[in-house]
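Novice: just coords:
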Ligand SMILES: C[S@@+](CC[C@H](N)C(=O)[O-])C[C@H]1O[C@@H](n2cnc3c(N)ncnc32)[C@H](O)[C@@H]1O
């Protein structure tokens, strides 16, 4: 179970940031292919945005793209090391403000000021209580038509799957065989928060006067198991508000693989 303390000690301490997070984009070829092929198509209706808040930027893998689509960018991370790295990397960008938080509070963010709240590949490691706490603060930070785009864990849906895998793991040869044959997905590999689900996100949003308008449940390094969810959340009186559309997308990693192939042809910065 990834606690706040474990997140802090990993990202602020033991993790080797030599590649600045680019290593997590290898499934897509590069972060550029992942941004333009996977992330941007899902948020393009909301960009450019005047003011963006990025929660948990790490070493700025997505900040590097977000900064080009706004007038003001605020970034908040619980890791001092990450915020310092972003300050150095984006030293020439005067429209970015940086904050280290306690992993829970958005008190430093002005009220009714944010057009887009973005977090990708970070809050998947945050348990339900942390997510509930963040979501409860979003309504006051968003402008009326502001949007939150949050990538989070859906591991909670697979509690019994995880238990079964842990039981089989007592016979390592059998686990290895089932993983190799593709009978089992290795759901324990990605340090997902086991308490969080897409359904909980929907409830937290409703409780905070917000609404999930789309939720895409996706595979992540898995073949079938939808361990993650991407939720788009708005205020109930927003122009974007509508009933939630939920899509269980088992093809997410296929999309990544296709982009990884295309990156060989079209990502000139990476291949020159
Ligand atoms: C796997 S890294 C991803 C960073 C970046 N989003 C990327 O995709 O390259 C996870 C980041 O989330 C931050 N983080 C984890 N839990 C957090 C929380 N509760 N509040 C703020 N930041 C958090 C970590 O400090 C780290 O920078």
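Specialist: Structure received. Computed from a prediction, not measured in an experiment: that's the story for all the values here.
Novice: contacts, neighbours, all on C-alpha from now
Specialist: Fine.
Novice: which parts of this structure sit against the ligand?
Specialist: 7-8, 11, 21, 55-58, 61, 77-79, 82, 103-104, 120-123, 126 (Cα under 6 Å from any ligand atom).
Novice: Which parts of the stretch 1-150 of the chain are strands?
Specialist: For the stretch 1-150 of the chain, the strands defined by DSSP state E, counting those that start in this stretch cover 49-55, 70-77, 96-100, 114-119, 142-153.
Novice: again, but for the stretch 151-272 of the chain
Specialist: In the stretch 151-272 of the chain, the segments counted as strands under DSSP E, counting those that start in this stretch are 210-218, 228-235, 245-249.
Novice: As JSON lines, the strands of the stretch 1-150 of the chain with mean pLDDT and mean neighbour count would be great.
Specialist: Output for the strands of the stretch 1-150 of the chain, formatted as JSON lines (pLDDT from 0 to 100; neighbours: other Cα atoms under 10 Å):
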{"stretch": "strand 49-55", "mean pLDDT": "98", "mean neighbour count": "23"}
{"stretch": "strand 70-77", "mean pLDDT": "98", "mean neighbour count": "21"}
{"stretch": "strand 96-100", "mean pLDDT": "98", "mean neighbour count": "17"}
{"stretch": "strand 114-119", "mean pLDDT": "98", "mean neighbour count": "24"}
{"stretch": "strand 142-153", "mean pLDDT": "98", "mean neighbour count": "24"}
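Novice: coming back round to it: residue 161: which of the strands of the stretch 151-272 of the chain is closest?
Specialist: If you check each of these against residue 161 by Cα to Cα, strand 228-235 wins as the nearest, at 14.6 Å.
Novice: Can you list the strands that that closest one pairs with?
Specialist: Note on strand 228-235: by DSSP bridges, its sheet partners are strand 142-153 (antiparallel), strand 210-218 (antiparallel).
Novice: Tell me what angle it forms with strand 114-119.
Specialist: Following axes from the mean of the first three to the mean of the last three Cα atoms, to 10 degrees, one obtains 170 degrees for the angle between strand 228-235 and strand 114-119.
Novice: between strand 228-235 and strand 245-249, how many degrees?
Specialist: Relative orientation of strand 228-235 versus strand 245-249 (the same axes, to 10 degrees): 170 degrees.
Novice: hey, which helix or strand in this structure has the poorest pLDDT?
Specialist: None of the helices or strands of the chain scores lower by mean pLDDT, DSSP states H and E than helix 268-271, at a mean of 71.
Novice: Packed most tightly, which of the strands of the stretch 151-272 of the chain would that be?
Specialist: strand 228-235 (a mean of 26; mean count of other Cα atoms under 10 Å).
Novice: contacts for that one?
Specialist: 124, 139, 144-155, 197-198, 201, 205, 209-220, 240-241 (Cα atoms under 8 Å, 6 or more residues apart in numbering).
Novice: Go ahead and flag the most central residue of this structure.
Specialist: Residue closest to the average C-alpha location in the chain (Cα atoms, centre = their mean): residue 120, at 2.4 Å.
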